[in-house]
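*Asks:* Sharing a sequence plus its predicted fold:
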Amino acid sequence: MPENVDAIIVGGGHNGLVCAAYLAKHGLRPLVLERRSVIGGAAVTQEIAPGFRASTFSYLMSLLHPRIQAELDLKRHGLQIMPCSDMLAPLDDGNYIVFSDSVERTQASFARFNEADARIYPEFDRFLNENARLFRRLLWETPFDPTGRDWRTFKQASGFLHRNWRIGGKLFRVLDMLSMSAYDFLSEWFRDDRIKAVLAYYASIGTFAGPKTPGSAYVIMHHIMGENAGAGGWGFVRGGMGSITQSIAAAARELGADIRTDSPIAEVRVGDTGVTGVVTEDGRSYESKLVVSNVNAKTLYLKMVGQRHLPAEVVRDISTYRTFSTAFKMNIACERPPQYTCLERAIRDDALAGWSYPTYVHIGPDIDYLERAYDDAKYGSYSKSPFITPVCPTIVDTTLAPEGKHVVNLFGGHAPYQLKNADWSQEKARFEKIVLQTVERFAPGFSNDVIANQFLIAPDIEAIVGLPQGHIFQGELSLDQLFFQRPVPHFADYRTPIKGLYLCGGSVHPGGGVSGIPGYNAAREVLRDLGRESTLRFAD
Ligand SMILES: Cc1cc2nc3c(=O)[nH]c(=O)nc-3n(C[C@H](O)[C@H](O)[C@H](O)COP(=O)(O)OP(=O)(O)OC[C@H]3O[C@@H](n4cnc5c(N)ncnc54)[C@H](O)[C@@H]3O)c2cc1C
């Protein structure tokens with residue numbers, strides 16, 4: 001006998017949970033069905049060795065919006081954001097650059113390399129923050145269809161223009177960020193390639209691109225749009241990133257949502273008038289005229305719904321939606337964190353603002369290094385010198401490791417989902433060695449301190465979380481896949497071609513990252529279609 005529920009959310013990633021919480025807050029009784037035995041998707045904390053727990057996938061918190069934190073009362077449900085040190089970028093010659101929230105400190109660090117770059121930095125910081133404010137408004141928007149000629153599109157478009165008329169005056173800036181390479185964009189401001197690399201580093205994170213790839217400037221913006229305090233807005237969460245999803249789930253449950261794990265959905269059922277429910281892989285069926293997919297659009301459309309229920313244009317567009325990932329992640333249980341060659345000097349210079357150890361590091365010492373790492377991947381190989389972000393949450397969060405021991409997360413690129421003329425089954429161990437050797441280049445002896453390590457490349461991320469080709473953002477963040485083109489033209493407003501079926505994960509606007517905003521925006525559109533009064537709004 002199928003169960004009949006108000007609304008079904010397919011997937012218990014953070015966006016599915018946010019969407020469920022808001023629907024429950026507005027009187028619905030949603031049922032979340034998660035494939036894995038843990039909720040959280042790419043925001044989970046799991047044991048990697050006896051006594052050591054790590055944020056398996058996402059590892060730094062910035063984007064989870066304060067509005068969502070406050071409205072769902074996540075602090076009361078256990079969310080505790082911890083500070084992160086200034087970012088330290090070790091260089092090959094034992095020198096270093098520090099990137100800080102404090103303009104003066106960053107400026108002082110840049111001045112050690114280039115006086116002109118240091119002088120211009122405050123102006124650049126203002127410019128970037130002004131741009132971030134513009135883009136932050138857009139995060140809360142529902143993308144409209146610019147080709148639509150019906151009354152609803154007219155209302156959506158005019159509402160958008162009314163709310164965002166100020167952007168008109170800054171249109172050229174927005175277009176620059178969306179279309180320029182990070183390198184060209186930064187070269188309009190800075191001269192020193194080591195300084196440019198500190199900022200361009202963000203452009204490569206989770207993206208199959210290098211700093212010289214057109215459009216990569218936007219990815220910098222995507223990474224600094226968070227409103228948390230800390231270097232570039234990043235911080236840790238006590239108990240790891242899983243604490244975020246646990247707190248959202250606790251809020252959702254309290255509001256009335258039902259969350260069930262070990263429920264892999266095989267099919268979304270479609271009838272003559274729209275969606276009718278879902279069926280799990282083991283044949284359990286649930287009926288509802290309202291289904292919201294936290295699972296990415298590609299899997300939803302091509303595997304769960306099936307081509308026969310979709311317009312040919314949507315099938316074509318979603319088939320070519322780019323998800324090819326080159327990101328990798330290594331979670332390490334260790335005796336002590338990497339001892340960077342530059343550390344003594346940085347502490348002597350008082351460059352770490354009182355921290356005795358940097359929690360947040362970028363290994364990617366200049367532009368050519370970052371671009372060459374991409375070049376390898378472009379031609380189908382893994383990077384011979386990958387860029388790596390080592391972070392050490394146990395400096396501030398002692399709940400993750402036995403006393404005196406540490407957890408270090410290495411996130412980086414590039415390790416293509418698929419290699420050309422080679423196979424990961426033979427190459428993975430070789431690449432793992434390269435990753436550790438790269439850390440050793442800046443922190444000799446680190447490998448001797450490793451107790452255990454969990455190494456995840458794109459096929460592993462795909463297999464565990466279900467992200468197609470392991471793409472950390474549920475699809476590339478490039479101009480052709482943003483806003484009213486995410487995930488496909490004509491259906492970017494959280495709705496799909498099937499009545500009652502919606503999308504709420506990273507594959508819809510504004511994309512991936514642990515922000516909760518796709519889940520929030522989707523809930524707003526669902527409630528609107530149901531004709532319910534809602535407290536969900538656009539940018540303030
Ligand atoms: C290695 C890595 C590092 C990252 N680092 C950061 C970071 O530091 N900071 C940051 O902000 N972001 C980071 N991200 C990105 C961020 O984690 C994701 O964009 C975000 O978590 C996506 O959330 P979501 O809820 O949209 O989707 P997901 O987390 O992908 O959730 C989808 C859910 O659907 C479930 N599912 C899949 N198939 C089915 C099915 N058939 N039936 C039922 N359920 C199903 C999955 O198990 C999953 O729980 C990282 C991602 C990865 C992979």
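*Replies:* Arrived safely.
*Asks:* quick one: terminal-to-terminal distance for stretch 84-103?
*Replies:* 16 Å (Cα to Cα, to the nearest Å).
*Asks:* Is any residue of it near the ligand?
*Replies:* No: interface with the ligand: stretch 84-103 contributes nothing (Cβ under 6 Å from any ligand atom), its closest point being 11.0 Å away. Any C-beta I mention is one placed from the backbone N, CA and C, and that applies to glycine too.
*Asks:* buried ones in that stretch?
*Replies:* Judged by neighbour count (16 or more other Cβ atoms under 10 Å), stretch 84-103 contains these buried residues: 84-91, 95-101.
*Asks:* out of the residues you listed, who's nearest L436?
*Replies:* Closest approach to L436 among those (Cβ to Cβ): P90, at 15.5 Å.
*Asks:* Of the buried residues of stretch 84-103, which belong to strands?
*Replies:* Applying DSSP state E to these, the entries found in strands are 87-90, 96-99.
*Asks:* wait, which of the residues you listed is closest to the ligand?
*Replies:* M87 (13.3 Å; Cβ to the nearest ligand atom).
*Asks:* doesn't D101 make contact with that closest one?
*Replies:* No: using Cβ atoms under 8 Å, M87 is not in contact with D101, being 9.6 Å away.
*Asks:* which one is D192 nearest to, not counting chain neighbours?
*Replies:* N114 (4.1 Å; Cβ to Cβ, 6 or more residues apart in numbering).
*Asks:* Report the separation between the one you found and Q107.
*Replies:* As judged by Cβ to Cβ, to the nearest Å, N114 and Q107 stand 11 Å apart.
*Asks:* Please identify the buried residues of the longest helix anywhere in the chain?
*Replies:* Ordering each helix of the chain by length in residues (DSSP state H) puts helix 115-139 first. Neighbour-count burial for helix 115-139, counted by 16+ other Cβ under 10 Å, picks out 117-118, 120-121, 124, 128, 131-132, 134-136, 138-139.
*Asks:* now those residues in JSON lines, with pLDDT and distance to the ligand?
*Replies:* Shown next, in JSON lines, are these (pLDDT from 0 to 100; distance: Cβ to the nearest ligand atom, whole Å):
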{"residue": "D117", "pLDDT": "98", "distance to the ligand": "27"}
{"residue": "A118", "pLDDT": "98", "distance to the ligand": "29"}
{"residue": "I120", "pLDDT": "98", "distance to the ligand": "29"}
{"residue": "Y121", "pLDDT": "96", "distance to the ligand": "25"}
{"residue": "F124", "pLDDT": "94", "distance to the ligand": "24"}
{"residue": "L128", "pLDDT": "88", "distance to the ligand": "19"}
{"residue": "N131", "pLDDT": "86", "distance to the ligand": "19"}
{"residue": "A132", "pLDDT": "86", "distance to the ligand": "15"}
{"residue": "L134", "pLDDT": "85", "distance to the ligand": "20"}
{"residue": "F135", "pLDDT": "86", "distance to the ligand": "15"}
{"residue": "R136", "pLDDT": "89", "distance to the ligand": "15"}
{"residue": "L138", "pLDDT": "92", "distance to the ligand": "18"}
{"residue": "L139", "pLDDT": "94", "distance to the ligand": "13"}
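*Asks:* Out of those residues, which comes closest to G470?
*Replies:* With Cβ to Cβ as the yardstick, the closest approach to G470 among the buried residues of helix 115-139 comes from L139, at 24.4 Å.
*Asks:* contacting residues around the closest one?
*Replies:* Neighbour list for L139: 65, 225, 510, 515, 517, 539 [criterion: Cβ atoms under 8 Å, 6 or more residues apart in numbering].
*Asks:* number of nearby residues for T261?
*Replies:* 14 (other Cβ atoms under 10 Å).
*Asks:* got a list of what it touches?
*Replies:* Counting by Cβ under 8 Å, 6+ apart, T261 has contacts 12, 34, 36-39.
*Asks:* And stretch 270-283, end to end?
*Replies:* End-to-end for stretch 270-283, by Cα to Cα: 16 Å.
*Asks:* That one: which residues count as buried?
*Replies:* So for stretch 270-283, counting by 16+ other Cβ under 10 Å, buried means 270, 275-280.
*Asks:* could I get those residues as a markdown table with secondary structure and pLDDT?
*Replies:* Shown next, in a markdown table, are the buried residues of stretch 270-283 (DSSP: H, G, I helix; E, B strand; the rest coil; pLDDT from 0 to 100):
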| residue | secondary structure | pLDDT |
| --- | --- | --- |
| V270 | strand | 98 |
| V275 | strand | 98 |
| T276 | strand | 98 |
| G277 | strand | 97 |
| V278 | strand | 98 |
| V279 | strand | 98 |
| T280 | strand | 98 |
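*Asks:* Among these, which pair sits farthest apart?
*Replies:* V270 and T280 (16.6 Å).
*Asks:* rewinding a little: so the residue nearest to D192 touches K196, yeah?
*Replies:* No: applying Cβ under 8 Å as the test, N114 and K196 come out as separate, 10.2 Å apart.
*Asks:* So how do I select the buried members of the contacts of L139 in ChimeraX?
*Replies:* The following ChimeraX line selects those of the contacts of L139 that are buried, judged by 16+ other Cβ under 10 Å:
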select :65,225,510,515,517
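*Asks:* In PDB, please show the C-alpha coordinates belonging to stretch 57-77.
*Replies:* Extracted C-alpha coordinates of stretch 57-77, given in PDB (Å, rounded to 0.1, in the frame of the first residue of the first chain):
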ATOM      1  CA  PHE A  57      33.600  16.300   1.500                       C
ATOM      2  CA  SER A  58      32.900  20.000   2.100                       C
ATOM      3  CA  TYR A  59      35.300  21.200   4.800                       C
ATOM      4  CA  LEU A  60      35.000  25.000   5.200                       C
ATOM      5  CA  MET A  61      31.900  27.000   6.000                       C
ATOM      6  CA  SER A  62      31.200  30.400   4.700                       C
ATOM      7  CA  LEU A  63      28.100  30.500   2.500                       C
ATOM      8  CA  LEU A  64      25.400  29.100   4.800                       C
ATOM      9  CA  HIS A  65      23.300  32.300   4.900                       C
ATOM     10  CA  PRO A  66      22.800  34.100   8.200                       C
ATOM     11  CA  ARG A  67      19.100  34.500   7.300                       C
ATOM     12  CA  ILE A  68      18.700  30.700   7.100                       C
ATOM     13  CA  GLN A  69      20.700  30.200  10.300                       C
ATOM     14  CA  ALA A  70      18.500  32.600  12.200                       C
ATOM     15  CA  GLU A  71      15.100  31.600  10.800                       C
ATOM     16  CA  LEU A  72      15.700  27.900  11.400                       C
ATOM     17  CA  ASP A  73      17.300  28.700  14.800                       C
ATOM     18  CA  LEU A  74      20.300  26.600  13.900                       C
ATOM     19  CA  LYS A  75      22.400  27.700  16.900                       C
ATOM     20  CA  ARG A  76      19.800  26.200  19.300                       C
ATOM     21  CA  HIS A  77      20.000  23.000  17.200                       C
END
